[in-house]
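*Asks:* pasting the structure only:
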């Protein structure tokens with residue numbers, strides 16, 4: 001068997017592998033579920049491999065992969081909406097729980113869980129932009145390209161997400177009742 005010849009139009013392997021943890025984080029924000037997030041990452045990598053000739057060498061592979069993931073997720077969501085009419089009403093419908101991809105000490109873990117829960121109260125658009133800007137450290141232009149929206153929309157969503165998150169953090173905790 002002859003040795004495999006690298007594909008000159010292929011994706012750079014080390015950069016692709018290095019992007020997987022970031023893709024998983026973004027997928028968890030998009031799906032809200034660890035299992036679905038893993039499936040989304042796998043589907044994204046498969047689509048990226050199929051479309052690898054569309055990636056321009058020298059461009060930011062990470063931003064391109066986020067764009068691919070966003071599009072795969074949007075396509076899957078549209079498919080789920082179309083198929084929603086065919087779902088049995090007897091099926092179990094569970095709310096997907098946020099999973100924390102952090103193994104930290106107890107106090108830090110509680111703080112991260114609180115922030116993630118508060119982020120869950122943001123709109124999906126605000127949550128996506130906040131994650132891409134704050135966690136993935138993408139520039140506004142890159143976020144706009146990933147989401148397919150104007151830069152001004154990115155800036156507006158990010159501003160509203162930050163303001164809403166600040167208000168949510170400042171809210172007093174709910175008063176607990178004593179149940180006898």
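*Replies:* Right, received. Where do you want to start? Quick caveat, the model's predicted, so the values are computed rather than measured.
*Asks:* for the protein, what are the low-confidence residue spans?
*Replies:* 1-12, 83-112, 173-176 (pLDDT under 70).
*Asks:* elements contacting the longest helix seen in it?
*Replies:* Counting by DSSP state H, the longest helix found in the chain is helix 61-83. On a contact count with 3 or more CB pairs under 8 Å, 6 or more residues apart in numbering; DSSP states H and E, helix 61-83 meets helix 13-31, helix 34-50, helix 140-147. Any C-beta I mention is one placed from the backbone N, CA and C, and that applies to glycine too.
*Asks:* got the contact list for the first one?
*Replies:* Right, the one you point to is helix 13-31. 34, 36-38, 40-41, 44-45, 48, 61-62, 65-66, 69-70, 73, 96, 98-99, 101, 119, 124, 127-128, 131-132, 135-136 (CB atoms under 8 Å, 6 or more residues apart in numbering).
*Asks:* same question, the second one
*Replies:* Contacts of helix 34-50 with the rest of the structure, by CB under 8 Å, 6+ apart, involve 11, 16, 20, 23-24, 27-28, 30-31, 55, 64-65, 68-69, 71-73, 76, 96, 99.
*Asks:* Write a PyMOL command that selects only the buried members of the residues you listed.
*Replies:* The buried subset of the contacts of helix 34-50, as determined by 16 or more other CB atoms under 10 Å, is captured in PyMOL by this line:
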select buried, resi 11+16+23+27+28+30+31+55+64+65+68+69+71+72+73+76
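*Asks:* so what's residue 144 up against?
*Replies:* 150, 151, 153, 154.
*Asks:* who wins for neighbours among the residues you listed?
*Replies:* residue 154 (25 neighbours; other CB atoms under 10 Å).
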